[in-house]
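Enquirer: Here is a sequence together with a model predicted from it:
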Amino acid sequence: MSLRHALLGLLADRQASGYDLMKLFETSLANVWPATQSQVYGELGKLTDAGLLEVAAEGPRGRKEYTLTEAGLAELKHWLIETEPTRVRRSDALLRVFFLGVLTPLEAVTFLETEAARAAGQHEALQQLDAAVDWGDDPLSVNGRLALEYGLRFSAMREEWARWAAERIQMPEDAQESEAAQESEAAQRPGEGRQPGDAQQPEEGLQPEETQKRSTAAM
């Protein structure tokens, strides 16, 4: 995805000024493809020069409203259908996970819990955005909610994974403590030794039949 195609997409079913487009970015695309005001206005000029947009109306203080041309629509469809989306494969956070063994268990768990808290914060921010946006039935609203749902599910998954990973790191130490506690409890439990009246055990190396013969001979 690129800023140029984001602007073409926003103008696919409406004409808008640079200011209008910035507002749309803030409430929708900024979560997947942030852009500054200077970037947006600069790209609008390039798209107009390339014949993909045209100025539909001009107002006071140099306000311009842009609309998509046939060539711009063709470019947008080409990008959507015929080009492969860029797959982001790098993750600074996951790269660090490979080397958590360098840290103490406490340091590693702290790192993972911080990641969980960060994901939870992002999830909460998206929930607030969902509540603040005045969703409609237009294509941008309908499909925007699909994208927002992806963000909600992804952030929830990241939080769940980070908390699970933190528990996995703590598990060996906890398991050792649990085992030691069980052994201590068993040692303190009364009646573990042989009680009066218990059957006499055969001498080492003798079978029960041989033990019985020795007892009869002694009589």
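Expert: Everything's here; your move.
Enquirer: Just the helices from the protein, written as ranges.
Expert: 3-10, 18-27, 37-49, 70-82, 92-97, 105-132, 139-188, 208-218 (DSSP state H).
Enquirer: looking at those, which is buried most?
Expert: For these, the largest average neighbour count (mean count of other CB atoms under 10 Å) is found in helix 3-10, namely a mean of 21. The way it works is simple: take the backbone N, C-alpha and C, and place the C-beta from them, glycine included.
Enquirer: can you give me phi and psi for the nearest residue to residue 140 once chain neighbours are set aside?
Expert: Nearest residue to residue 140, sequence neighbours excluded (CB to CB, 6 or more residues apart in numbering): residue 28, at 6.8 Å. Note on residue 28: its backbone torsions stand at phi -140, psi -80 [degrees, to the nearest 10].
Enquirer: burial of residue 12, as a residue count?
Expert: 15 (other CB atoms under 10 Å).
Enquirer: ok, it touching residue 75?
Expert: No - applying CB atoms under 8 Å, one finds residue 12 not in contact with residue 75, separated by 11.0 Å.
Enquirer: Can you pull up the most central residue in the protein?
Expert: When CA atoms, centre = their mean is applied to the chain, the residue found nearest the centroid is residue 158 (2.7 Å).
Enquirer: Surely that residue and residue 121 touch.
Expert: No - Residue 158 lies out of contact with residue 121 (CB under 8 Å); the separation is 11.0 Å.
Enquirer: circling back to that earlier point, of all the helices of the chain, which lies closest to residue 56?
Expert: Closest to residue 56 of the helices of the chain, according to CB to CB: helix 37-49, at 10.8 Å.
Enquirer: Averaged pLDDT, the closest one. What do you get?
Expert: For helix 37-49, the mean per-residue pLDDT is 94.
Enquirer: angle of it against helix 3-10?
Expert: 80 degrees (axes from the mean of the first three to the mean of the last three CA atoms, to 10 degrees).
Enquirer: Low-confidence bits of the chain, can you list those?
Expert: For the chain, applying pLDDT under 70 flags the ranges 1, 172-181, 183, 189-219.
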